[in-house]
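Colleague: give me a 3D structure for the following:
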Amino acid sequence: MKIKKLILLSILSIIVFSCKNDDDNTEPFDAAAQALTDDNALVEYLQSHYLNDDGGIWTITNGETALMNSVESKVVLKDDISYKYYFLKQQEGVTTSPTVVDSVLTTYTGMLLDSTVFDSTSYLTWFSLTDVIDGWRYGFTNFKGGNRVLRDDESFYYENGGEGILFLPSGLAYGNNSQGLIPQSSPLVFQFTLNDVNDSDHDNDGVLSILEDLDNDNNVKNDDTDEDGFPNYLDNDDDGDGILTKDEDANGDGNLFNDDTDGDGIPNFLDKDN
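Modeller: Next comes the predicted model:
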């Protein structure tokens, strides 16, 4: 099959962003069992499809090399359930890889395993990986951005960026909830480019957002030092002492982690009593 663009930029990305459930499911849902079902479906898909020279994903009919022979896989632990996702590196990229909280400049096409395209854009668009589905959050970290090339007229383009395909279980997408053209419990496929990466400091407090993941669990949303309901990466006064985090760099070296006025082992910006 060949992929066709279905949507306009004005409705871009209503699918890929993580969002509230469309369905009010009242029956018990076995997420662990669904994870196994999804993995079986993805493996079958990877064994029965190949990447054509035109960049499209086609069904094997004449002994073509299966995608399964070229993909890598990783496991994500979420809510005590292991989810395996697969990715194909057509081109890794040449600059830096995003972390799970950075922003990425990308084009992409998303489709179901039956080849239905549910979202697509050829326009370069920035996404914060804190706001998208888990499959994107983890999947993009395996790639790098490209080089920005400036033309004589001061316009620019990117070259040598990351390019690949993500094969995601529903547990790293929309789970047992339908979303637009996506039925509930649907594994998803994304073909994409990664053109640029922005190291994010969401609250502009002088600490990169990834460094505000204090427990190193790849989830910045559960780190809230002053327990004010705002996670540190969105809180410009992390310890709630009335002093902005960016103003707690006592020695002025730009590193907030080595400022510990009271010598208790806790950096000033995380220590209300310093």
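Colleague: contacts only, for residue 187.
Modeller: Neighbour list for residue 187: 38, 41-42, 45, 112-113, 167-170, 173 [criterion: CB atoms under 8 Å, 6 or more residues apart in numbering]. Just so you know, the C-beta spots here come from the backbone N, C-alpha and C atoms, and that holds for glycine as well.
Colleague: got it, and residue 266?
Modeller: By CB under 8 Å, 6+ apart, the contact list for residue 266 reads 260, 274.
Colleague: in what helix or strand does it lie?
Modeller: Element membership for residue 266, per DSSP states H and E: none, as it lies in no helix or strand.
Colleague: just residue 189 next, same as before
Modeller: Using DSSP H and E, residue 189 sits within strand 188-198.
Colleague: next, the buried residues of that strand.
Modeller: Of the residues in strand 188-198, those with enough neighbours to count as buried (16 or more other CB atoms under 10 Å) are 188-197.
Colleague: ok, stretch 144-153 next?
Modeller: Neighbour counts using 16+ other CB under 10 Å place 144-146 of stretch 144-153 among the buried residues.
Colleague: which among the buried residues of strand 188-198 gets closest to residue 73?
Modeller: Closest approach to residue 73 among the buried residues of strand 188-198 (CB to CB): residue 189, at 14.2 Å.
Colleague: just to revisit the earlier point, among the contacts of residue 187, which ones are in helices?
Modeller: When the contacts of residue 187 are checked against helices using DSSP state H, the ones located there are 38, 41-42, 45.
Colleague: show me which of those residues are buried.
Modeller: Buried subset of those (neighbour count, 16+ other CB under 10 Å): 38, 41-42, 45.
Colleague: including distance to residue 211 and pLDDT, could the residues you listed go into TSV?
Modeller: Listed next are those as TSV, based on distance: CB to CB, whole Å; pLDDT from 0 to 100:
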residue	distance to residue 211	pLDDT
38	33	98
41	38	98
42	34	98
45	38	98
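Colleague: and the strands in the chain?
Modeller: If you assign secondary structure with DSSP state E, the strands in the chain sit at 49-51, 57-59, 72-78, 81-91, 103-112, 117-128, 147-150, 156-159, 162-168, 188-198.
Colleague: contacting residues around the residue minimising distance to the centre of the chain?
Modeller: What sits nearest the mean C-alpha location of the chain, by CA atoms, centre = their mean, is residue 137, with 1.7 Å. With contact taken as CB under 8 Å, 6+ apart, residue 137 is in contact with 100, 129-130.
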